[in-house]
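# Provided below are the primary sequence and the corresponding predicted coordinates.
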Amino acid sequence: MRLALALMALAGIWACVGSAQASIEGQRTRFLEAEQALAQGRHSDFEWLSSRLKDYPLLPYLEYERLSGDLRHASSAQVRAFLDRYSDTSLAGRLRSQWLDRLASQKRWASYLQFYESSDDTETRCNHLHALIATGQRAEAFSQVPALWLHGSSQPKACDPVFKAWRAAGRLTPQLTWQRIELAFNAGEWRLALYLKRYLSSADQSWVDLWLKVYRNPGLVADNPGLFKGKHPMRNDILEHGLRRLARRDPEDALKAWRKLEHRFPFSDTRSERIRRYLALLLARSQDPEAMSYLDAVQPAAGDKVLSAARLRTALALGDWSKVLAWVDALPEQPRQEERWRYWRARALEQLGHAGQAKPIYRALAKERSYYGFLAADHLGLDYRMDDVPLAVSPAVAQDVQKRPSLLRAHELLLLDRLVDARREWRWATRDMSTEELQAAAKLAQRWGWYDRAIFTVARTGYWDDLELRFPLAYRKLVERLAHGAGLNPAWVYAVVRQESAFVHDARSAAGALGLMQLMPATAKHVAHKLGEHPPTARALLEPRTNIRLGSTYLSRMLDELNDHPVLATAAYNAGPRRVRSWLPDTSIEADRWVEVIPFRETRTYVERVLAYTIIYEQRLGAKPSRLSKRMHPVSGASSWAAGSKGAGRDRV
């Protein structure tokens with residue numbers, strides 16, 4: 001009898017679930033029909049359909065589409081009503097921005113002030129100041145203008161009337177003009193600098209002209225110092241600008257020029273230290289043995305992690321282990337305890353014959369699930385620490401989070417494949433969440449199969465041990481088949497996808513890279529041509545199958561071009577094979593040293609992460625993680641490559 005009752009109760013629950021599912025699917029269909037009716041101008045049908053969606057999460061989107069689509073005929077009252085009703089949505093900010101643009105175009109400045117809220121958008125801020133000026137609040141407006149004026153590039157046209165009124169009121173000083181001219185030259189906007197010189201005296205204008213000459217030919221600061229014999233407040237700024245540009249071309253020439261100029265002109269201590277630091281950074285990048293003495297003489301200021309790291313990488317590139325040890329020990333406490341420098345301290349001790357002192361450092365590092373942890377474990381032959389501790393979330397918190405309207409909207413948009421809007425809603429929903437709420441949201445996204453949101457959201461909480469959440473096996477059959485087809489380890493392909501896009505299949509980078517493996521269209525076209533295929537469209541590159549197939553093929557080509565060296569191939573996937581070849585050493589060096597001295601921080605970090613992620617993905621795929629040292633073959637010198645010799649490695653990761 002009890003069993004029968006339990007079964008009846010369970011049947012009732014499933015009936016309710018099924019009914020709710022049918023209900024939401026019906027609402028989803030009605031929502032799409034309402035959108036279509038609005039687009040076709042069938043307003044009575046739209047009203048009838050939307051009136052039956054009062055409980056549907058995306059109802060605000062219908063109202064937004066109706067109002068934003070006909071702002072010409074909208075009233076302030078209608079816009080205000082929407083903003084008040086949906087103030088807890090991302091749509092409110094979007095409508096407000098559109099409405100403010102319309103008010104500005106109509107010069108309805110009093111209304112503009114009523115709807116304006118603090119904004120980071122420059123055009124909106126300038127329109128706000130214009131509104132203040134137009135309504136007689138000039139003092140308040142003028143006090144905010146310098147922050148907009150002091151910019152190295154031209155500002156939007158909306159700022160022109162504000163700057164004009166500000167100048168007419170006598171607020172533009174020579175100092176502010178020079179400040180912006182300096183910003184313009186530093187940003188490479190020399191035309192803006194020439195435009196700005198009109199606001200200076202004729203005597204000052206000649207110094208702008210001199211600055212332009214130095215901008216075009218920085219060698220003048222060394223070859224013709226007589227040009228700078230006159231006194232002017234900006235003289236040393238011009239000299240410093242020239243030295244910096246010269247250093248970017250040839251740091252050794254710049255150092256020679258500086259040694260002459262620092263005795264000829266009265267530079268302040270602050271400026272001298274700044275110039276010395278800049279030259280040291282450029283010399284470090286050149287990895288010239290003669291730079292070591294200068295780098296040794298320029299002591300980084302307390303907390304200057306950038307210069308400290310640059311000096312250390314120069315010592316590593318040159319194999320000066322004594323300097324590596326001394327400079328690591330000279331680091332402040334916090335950076336000295338970073339995994340990176342603990343590892344290199346142990347390496348230096350080992351190289352200098354103090355293996356006994358190195359072992360405890362390696363042993364402590366080997367407890368970390370990271371690139372340096374894996375390297376350290378390899379030095380001692382220890383097993384990798386691959387602790388996987390699933391995130392535990394309070395059921396009450398999880399239930400509260402999943403009921404929030406903004407997340408319900410995000411989920412519906414995800415199901416409708418409206419990913420841009422879905423991500424907007426997710427950002428809005430999680431912007432002020434506590435750590436526990438963020439973790440609950442991350443697990444919710446994981447349950448929905450929204451892997452990128454799960455990864456990014458849990459990262460905000462600093463919880464790193466839920467490997468299933470952080471390293472999902474999305475598109476598993478596809479990745480395994482296409483990776484094997486390209487002759488690659490699927491774990492390596494997964495690691496590249498994880499680093500490149502974190503599984504955002506429609507990812508578009510600022511540089512134009514597309515999809516899961518972030519392929520540049522030109523690269524994809526080249527790979528397709530080699531395969532005898534037509535060039536893929538941008539839309540095709542956002543499709544996982546096409547993207548992973550071409551991306552895996554390109555990664556395999558990088559391995560072929562770079563002598564089967566997985567480390568170099570990984571770097572080439574990020575920075576290109578030509579650049580990687582330019583980074584080859586004169587003589588063979590260990591792979592861990594080569595990675596550490598990659599000139600681009602982005603590529604250096606990329607390689608470290610992909611190598612570590614490959615090991616983690618091997619475990620996630622059910623395989624025994626291979627040793628990182630198996631992939632870290634020595635990097636042969638450039639002369640060996642020119643002779644056509646193969647590298648030591650034959651493992652296709």
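Cool, the structure landed. Treat the numbers as computed from the prediction; the structure is a model and nothing was measured. Numbering: from 1, shown residues only.
# alpha carbons only for contacts and neighbour counts from here, please
Will do.
# Contacts made by stretch 604-624 with the rest, please.
Counting by Cα atoms under 8 Å, 6 or more residues apart in numbering, stretch 604-624 makes contact with 370-371, 374, 386, 467-468, 471, 473, 491-496, 498-499, 567, 570-571, 574, 595-598, 625-628, all of which sit outside it.
# Can you give me the pLDDT of Ala284?
You'll see Ala284 listed with a pLDDT of 89.
# burial measure for Val389, as a count.
The tally of other residues near Val389 (other Cα atoms under 10 Å) stands at 12.
# where do the helices sit along the stretch 1-150 of the chain?
Across the stretch 1-150 of the chain, reading from the start of the chain, the helices by DSSP state H, counting those that start in this stretch fall at 2-39, 43-50, 59-68, 76-85, 90-105, 109-115, 122-134, 138-149.
# Can you tell me how far His543 is from Ala511?
Actually, residue 543 is Glu. It isn't His. In this structure, Glu543 and Ala511 are separated by 19 Å, where distance is defined by Cα to Cα, to the nearest Å.
# who's in contact with the nearest residue to Leu391 once chain neighbours are set aside?
Spatial nearest neighbour of Leu391, excluding adjacent residues (Cα to Cα, 6 or more residues apart in numbering): Asp466 at 5.7 Å. Residues near Asp466 by Cα under 8 Å, 6+ apart: 388-391.
# Ok, Trp258 next?
Residues in contact with Trp258 (Cα under 8 Å, 6+ apart) are 222, 243.
# per the record, what domains does the protein have?
Following automatic domain parsing, the chain resolves into domains at 395-464, 476-642.
# Quickly find the element holding Arg311.
Using DSSP states H and E, the secondary-structure element containing Arg311 is helix 305-318.
# ends of stretch 597-604, how far apart?
End to end - Cα to Cα - stretch 597-604 spans 8 Å.
# Surely Ile133 is in contact with Ala141?
Yes - in terms of Cα atoms under 8 Å, Ile133 counts as a neighbour of Ala141; the distance is 6.3 Å.
# Take the helix holding Arg311, keep the C-alpha atoms, and write them as PDB.
C-alpha atoms of helix 305-318 as PDB (Å, rounded to 0.1, in the frame of the first residue of the first chain):
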ATOM      1  CA  LYS A 305      58.000  43.400 -10.000                       C
ATOM      2  CA  VAL A 306      58.300  44.200 -13.700                       C
ATOM      3  CA  LEU A 307      62.000  45.300 -13.700                       C
ATOM      4  CA  SER A 308      62.900  42.500 -11.200                       C
ATOM      5  CA  ALA A 309      61.300  39.900 -13.500                       C
ATOM      6  CA  ALA A 310      63.000  41.400 -16.600                       C
ATOM      7  CA  ARG A 311      66.400  41.200 -14.900                       C
ATOM      8  CA  LEU A 312      65.900  37.600 -13.900                       C
ATOM      9  CA  ARG A 313      64.800  36.600 -17.300                       C
ATOM     10  CA  THR A 314      67.900  38.100 -18.800                       C
ATOM     11  CA  ALA A 315      70.000  36.100 -16.400                       C
ATOM     12  CA  LEU A 316      68.100  33.000 -17.200                       C
ATOM     13  CA  ALA A 317      68.500  33.600 -21.000                       C
ATOM     14  CA  LEU A 318      72.200  33.900 -20.500                       C
END
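# if we can go back for a sec, what's the closest of the domains of the chain to Asp296?
Go through those one by one with Cα to Cα and the one that ends up closest to Asp296 is domain 476-642, at 17.9 Å.
# Narrow the contacts of stretch 604-624 to those that are buried.
Neighbour-count burial within the contacts of stretch 604-624 applies to 370-371, 374, 386, 467, 471, 473, 491-496, 498-499, 567, 570-571, 574, 595-598, 625, 627-628; the criterion is 16 or more other Cα atoms under 10 Å.
# buried ones in stretch 161-175?
Neighbour counts over stretch 161-175 (16+ other Cα under 10 Å) mark 162-163, 166, 172 as buried.
# should've said stretch 382-401
Of the residues in stretch 382-401, those buried by neighbour count under the rule 16+ other Cα under 10 Å are 384, 386, 391, 398, 401.
# Just the endpoints, please. Distance across that stretch?
Between the opening and closing residues of stretch 382-401 there is a gap of 42 Å (Cα to Cα).
# Make sure Ala280 is actually in contact with Ser293.
No - under the criterion of Cα under 8 Å, Ala280 makes no contact with Ser293, lying 10.4 Å away.
# Could you tell me how far stretch 502-510 lies from the centre of the chain?
Between the mean C-alpha location of stretch 502-510 and the chain-wide mean there is a distance of 12 Å, by Cα atoms, centre = their mean, to the nearest Å.
# wait, stretch 104-123
Mean-position distance between stretch 104-123 and its chain equals 31 Å (Cα atoms, centre = their mean).
# Name the residues that touch it?
Counting by Cα under 8 Å, 6+ apart, the neighbours of stretch 104-123 from elsewhere in the structure are 96, 100, 103, 125, 127-128, 130-132, 134-135, 148, 155-159.
# could you redo the last one with a cut-off of 10 Å?
For stretch 104-123, the external contacting residues (Cα atoms under 10 Å, 6 or more residues apart in numbering) are 76, 79-80, 83, 93, 96-97, 99-103, 124-125, 127-135, 148, 155-159.
# Selecting buried members of these in PyMOL, what would you type?
Only the buried entries of the contacts of stretch 104-123 go into this PyMOL selection, using 16+ other Cα under 10 Å:
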select buried, resi 79+80+83+96+97+99+100+101+103+124+125+127+128+129+130+131+132+133+134+158+159
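# just to revisit the earlier point, would you mind grabbing the residues shared as contacts by Ile133 and Ala141?
Residues touching both Ile133 and Ala141 (Cα under 10 Å, 6+ apart): 162, 166.
# on that earlier part again, deepest of the helices of the stretch 1-150 of the chain, which one?
Here the criterion is mean neighbour count by mean count of other Cα atoms under 10 Å, and of the helices of the stretch 1-150 of the chain the winner is helix 122-134, at a mean of 22.
# Pull out the buried positions in stretch 246-254.
Of the residues in stretch 246-254, those scored as buried under the neighbour-count criterion (16+ other Cα under 10 Å) are 246-247, 251-252, 254.
# ignore the last one, stretch 427-447
Along stretch 427-447, these residues count as buried under the neighbour rule (16+ other Cα under 10 Å): 427-430, 436-446.
# Tell me the predicted confidence for Ser648.
Residue 648: Ala, not Ser. At Ala648, the predicted lDDT confidence score is 42.
# Looking at Glu543 and Ala511, which has the bigger crowd around it?
Set side by side, Glu543 and Ala511 give different neighbour counts by other Cα under 10 Å, the larger being at Glu543 (15 against 8).
# quick check, nearest of the buried residues of stretch 246-254 to Gly219?
Closest approach between the buried residues of stretch 246-254 and Gly219, by Cα to Cα: Leu246, at 6.3 Å.
# For the closest one, give me its contacts.
Leu246 neighbours (Cα under 10 Å, 6+ apart): 214-215, 217-222, 240, 252-255, 257, 279.
# do the same with Arg627
With contacts defined as Cα under 10 Å, 6+ apart, the neighbours of Arg627 are 374-375, 377-378, 381, 383-384, 615.
# If we only consider those, which is nearest to Ala203?
Using Cα to Cα as the measure, the one of the contacts of Arg627 that approaches Ala203 most closely is Leu375, at 62.0 Å.
# neighbours of that closest one, just the number please.
Residues near Leu375, counting by other Cα under 10 Å, number 22.
# Look up how far Leu365 lies from it.
For Leu375 relative to Leu365 (Cα to Cα), the value is 9 Å.
# same question, Glu608
15 Å.
# So which of the two has more stuff around it?
Set side by side, Glu608 and Leu365 give different neighbour counts by other Cα under 10 Å, the larger being at Leu365 (23 against 19).
# Surely the more buried one is in contact with Trp344?
No - counting by Cα atoms under 10 Å, no contact exists between Leu365 and Trp344, whose distance comes to 11.2 Å.
# tell me, what's touching those two both at once?
Listed as contacting both Leu365 and Trp344 by Cα under 10 Å, 6+ apart are 372, 376.
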